[in-house]
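1. Prediction below, plus the sequence it came from.
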Number of protein chains: 2
Amino acid sequence: MVAPIEAATTSETACNERPIVYTWDPNSNAGKPLFVLGEKRAAFEYRYIDLLRFEQHAPEFLAINPAGTVPVLLLGARTFTESTPMCEYIDAIFEGPRLVPASPLARYHMRWWCRQTDLVAESLSVLGWHNFMGPMVRKLPADEIERLIARIPTQERRISWRKAVFDGFSERQLADARARVADYARMLDHSLGGSQWLVADSFTLADILTFANFYALPLTMPDVVSAAGTPHLWGWLGRIYARPATLRTFAHARSLARRAFDVAAKFGVNVGDCCQ
Amino acid sequence: MVAPIEAATTSETACNERPIVYTWDPNSNAGKPLFVLGEKRAAFEYRYIDLLRFEQHAPEFLAINPAGTVPVLLLGARTFTESTPMCEYIDAIFEGPRLVPASPLARYHMRWWCRQTDLVAESLSVLGWHNFMGPMVRKLPADEIERLIARIPTQERRISWRKAVFDGFSERQLADARARVADYARMLDHSLGGSQWLVADSFTLADILTFANFYALPLTMPDVVSAAGTPHLWGWLGRIYARPATLRTFAHARSLARRAFDVAAKFGVNVGDCCQ
């Protein structure tokens, strides 16, 4: 019942250009291609876009990605801006371990997990704004905030930012976001009860992209995520922290994702000289 | 630079079970697998879940999909609940025309479009609620509304439904939703200026899933989407309406998606006896 899955055309894969990734810290969407390129041991150029200085909305960056979002992957003349499809593309064209499984059923499960993670990441970003971005932005002078919001490329995102900066989130919204993340952590724990990885016992994009969003839970939700409370999730986090690509990637962190080193210490991972 | 993309394993593809799709009308997410199975000319059993009677939250359906969402694909003992990954799976395991392109770059572009369409579909669903679902639900007795909301499986969706039913949407929210859909229609028109289909001149899931959401624009936004205003989008809609699978799929419609026949008439498509 299967037509053959054709291999990529030669012209596409004979790309000798060094990839360039424009992104922030290895955190959530911004981190996804970094972890994937790290697992592939692919050389790439990392151009840091400081979200804390709103560089993603600066004219220089909008010239690269008019949507004003990170991450962006440049490969020769090609630009990639959607983080999850970008990771499938990286997996397809770079050598190294396969991170997308071969079977259609396992691929479905991988994409199912990526999708659930992306949905719950919205709640995580509510908490991130409340705890981290919001307080920082509100310290700026009012006219500077207005100037920064005015250059956001879409009306829709200008509205979201304005709401997040000036109104903040209600206690109810914050409680809902926390509950949703906690539920997901318990669901991950349950699903990892029978296997090492999320999909069919092989390490896939589902693990990497979920980890990119939830690597800090032992720090941010210690009441939910702990060795005793969620042992399977705990073990999974420990296994990913122990992968060489993980701390190599976090070594690029300048801001929020520096916290990964505190989490790694909980797992007894030897951080090493390069990453401190 | 490419590792071979392996074909599916035999056990997975030797599936002789007749697929069962639980879904509503061929409309938005609910329609996606129907159009894809139609293009594949695959026989399947269609079990209609009436969203207008909230059957997706009934205990019988929650036994099949505890999340209470449509569409659901059953294939033997396997259940698929995420609509876009489900369509990639259908494409991989059923015979018929390939709807996912072979090259990684074209796949990225296909997934990029699917993602943009899913994002804009949120605005479309705001308009759908306002014009269609909301007025219908509000006609029910208050205790019946409460009973229906109480059985929605997640707290988060109970909150959204309650807001949609009782508060409705503000004029600002509705205007934003309309503007977002109109912008997307113009973007589709622009992108279709140079090619017949959204990705690399081949008909892919990007076309099908976008059409599943936006097939009614000539009716719902005639000021934006018309032969004169958006000629490339207009031509693309006409080409998809003319495909045999399209009206065969709409023939299943019992409710909202019946409007497709009015749109098809605008394109001069011969609806035929079977579909009236």
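-> Noted; the coordinates are in hand.

2. which residues of chain A fall in helices?
-> Counting by DSSP state H, one finds helices in chain A at the ranges A:10-13, A:32-40, A:59-62, A:83-93, A:104-128, A:134-138, A:142-150, A:155-162, A:171-191, A:205-214, A:217-220, A:231-241, A:244-250, A:259-266.

3. Where among the ones you listed is average confidence lowest?
-> Per-segment mean pLDDT for the helices of chain A reaches its minimum on helix A:10-13, at a mean of 45.

4. Would you agree residue A:209 is in contact with residue A:34?
-> No - under the criterion of C-beta atoms under 8 Å, residue A:209 makes no contact with residue A:34, lying 11.4 Å away. The C-beta positions use only the backbone N, C-alpha and C, and glycine is treated the same way.

5. Kindly reformat the helices of chain A as a markdown table containing mean neighbour count and distance to chain B.
-> Output for the helices of chain A, formatted as a markdown table (neighbours: other C-beta atoms under 10 Å in any protein chain shown; distance: least, C-beta to the nearest C-beta, whole Å):
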| stretch | mean neighbour count | distance to chain B |
| --- | --- | --- |
| helix A:10-13 | 13 | 5 |
| helix A:32-40 | 25 | 10 |
| helix A:59-62 | 12 | 17 |
| helix A:83-93 | 23 | 4 |
| helix A:104-128 | 20 | 4 |
| helix A:134-138 | 14 | 22 |
| helix A:142-150 | 13 | 16 |
| helix A:155-162 | 15 | 6 |
| helix A:171-191 | 16 | 6 |
| helix A:205-214 | 25 | 11 |
| helix A:217-220 | 20 | 19 |
| helix A:231-241 | 20 | 20 |
| helix A:244-250 | 20 | 17 |
| helix A:259-266 | 18 | 27 |
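
6. Could you check those helices and tell me which one is nearest residue B:173?
-> Distance to residue B:173, taken as C-beta to C-beta, is lowest for helix A:155-162 among the helices of chain A, at 9.9 Å.

7. quick one: residue A:17 and residue A:75 touch, right?
-> Yes - using C-beta under 8 Å, residue A:17 makes contact with residue A:75 at a distance of 5.7 Å.

8. okay, these two: which has more neighbours?
-> Neighbours were counted for residue A:17 and for residue A:75 using other C-beta atoms under 10 Å in any protein chain shown; residue A:75 has more, 21 against 10.

9. quick one: the nearest residue to that one once chain neighbours are set aside from residue B:139, how far?
-> On the basis of C-beta to C-beta, 6 or more residues apart in numbering or on different chains, the spatially nearest residue to residue A:75 that is not a chain neighbour turns out to be residue A:19, at 5.2 Å. Here the distance between residue A:19 and residue B:139 works out to 56 Å (C-beta to C-beta, to the nearest Å).

10. neighbour count winner among those two?
-> Taking residue A:19 and residue B:139 together and counting by other C-beta under 10 Å, residue A:19 has the greater number of neighbours (21 against 8).

11. Provide a list of residues in contact with that one.
-> Each residue near residue A:19 by C-beta atoms under 8 Å, 6 or more residues apart in numbering or on different chains is listed here: A:37, A:42, A:44, A:45, A:73, A:74, A:75.

12. excluding its backbone neighbours, what's nearest the third one?
-> Leaving aside its sequence neighbours, residue A:44 sits nearest to residue A:19 (C-beta to C-beta, 6+ apart; 4.2 Å).

13. returning to that earlier point: out of the contacts of residue A:19, who's nearest residue A:187?
-> Proximity to residue A:187 was ranked across the contacts of residue A:19 by C-beta to C-beta; first place goes to residue A:37, at 28.2 Å.

14. Would you mark the buried spots in stretch A:45-56?
-> A:48, A:49, A:51, A:54, A:55, A:56 (16 or more other C-beta atoms under 10 Å in any protein chain shown).

15. Could I get the average pLDDT for that stretch?
-> This predicted structure assigns stretch A:45-56 an average pLDDT of 94.

16. can you list contacts of it?
-> The list of residues contacting stretch A:45-56 from outside it, by C-beta under 8 Å, 6+ apart, reads A:18-25, A:30, A:34, A:61, A:68-70, A:133, A:136, A:148, A:252, A:254-255.

17. where's that stretch relative to the chain centroid, distance-wise?
-> In terms of C-alpha atoms, centre = their mean, to the nearest Å, the centre of stretch A:45-56 is set 15 Å apart from its chain centre.

18. Kindly report the same for stretch A:229-237.
-> Distance, stretch centre to chain centre, for stretch A:229-237: 19 Å (C-alpha atoms, centre = their mean).

19. got a list of contacts for that stretch?
-> Contacts with stretch A:229-237, where a contact means C-beta under 8 Å, 6+ apart, come from A:185-186, A:188-193, A:196-197, A:207, A:211, A:214-215, A:217-218, A:223-227, A:263, A:267.

20. Only alpha carbons, please: show that stretch as CSV.
-> Extracted as CSV, the C-alpha positions of stretch A:229-237 are listed here (Å, rounded to 0.1, in the frame of the first residue of the first chain):
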residue,chain,number,x,y,z
GLY,A,229,7.2,13.1,42.0
THR,A,230,7.9,12.4,38.3
PRO,A,231,10.6,9.8,38.2
HIS,A,232,10.2,8.9,34.5
LEU,A,233,10.3,12.6,33.4
TRP,A,234,13.2,13.1,35.8
GLY,A,235,15.1,10.2,34.2
TRP,A,236,14.4,11.5,30.7
LEU,A,237,15.6,15.0,31.6
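
21. Tabulate the helices of chain A in a markdown table, adding columns for distance to residue B:236.
-> Below are the helices of chain A laid out as a markdown table (distance: least, C-beta to C-beta, whole Å):
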| stretch | distance to residue B:236 |
| --- | --- |
| helix A:10-13 | 25 |
| helix A:32-40 | 31 |
| helix A:59-62 | 29 |
| helix A:83-93 | 22 |
| helix A:104-128 | 26 |
| helix A:134-138 | 42 |
| helix A:142-150 | 35 |
| helix A:155-162 | 25 |
| helix A:171-191 | 38 |
| helix A:205-214 | 31 |
| helix A:217-220 | 44 |
| helix A:231-241 | 43 |
| helix A:244-250 | 41 |
| helix A:259-266 | 46 |
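
22. and of those, who's closest to residue B:259?
-> Residue B:259 sits nearest to helix A:155-162 of all those, at 27.0 Å, using C-beta to C-beta.

23. what's the angle from the closest one to helix B:171-191?
-> Using axes from the mean of the first three to the mean of the last three C-alpha atoms, to 10 degrees, the direction of helix A:155-162 lies 140 degrees away from that of helix B:171-191.

24. Show me what helix A:155-162 packs onto, helices and strands only.
-> If you count contacts as 3 or more C-beta pairs under 8 Å, 6 or more residues apart in numbering or on different chains; DSSP states H and E, helix A:155-162 packs onto helix A:142-150, helix B:171-191.

25. thinking again about what came up before, and the helices of chain A: which comes nearest residue B:177?
-> By C-beta to C-beta (comparing all of the helices of chain A), the closest turns out to be helix A:155-162, at 9.7 Å.

26. Just the CA coordinates for the closest one, please, in CSV.
-> Listed in CSV are the C-alpha atoms of helix A:155-162, where the atom choice follows Å, rounded to 0.1, in the frame of the first residue of the first chain:
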residue,chain,number,x,y,z
GLN,A,155,-0.8,44.7,14.3
GLU,A,156,-1.7,41.4,16.0
ARG,A,157,1.6,41.1,17.8
ARG,A,158,1.6,44.8,18.7
ILE,A,159,-1.7,44.2,20.5
SER,A,160,-0.4,41.1,22.3
TRP,A,161,2.7,42.9,23.4
ARG,A,162,0.8,46.0,24.6
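
27. Cheers, nothing more for now.
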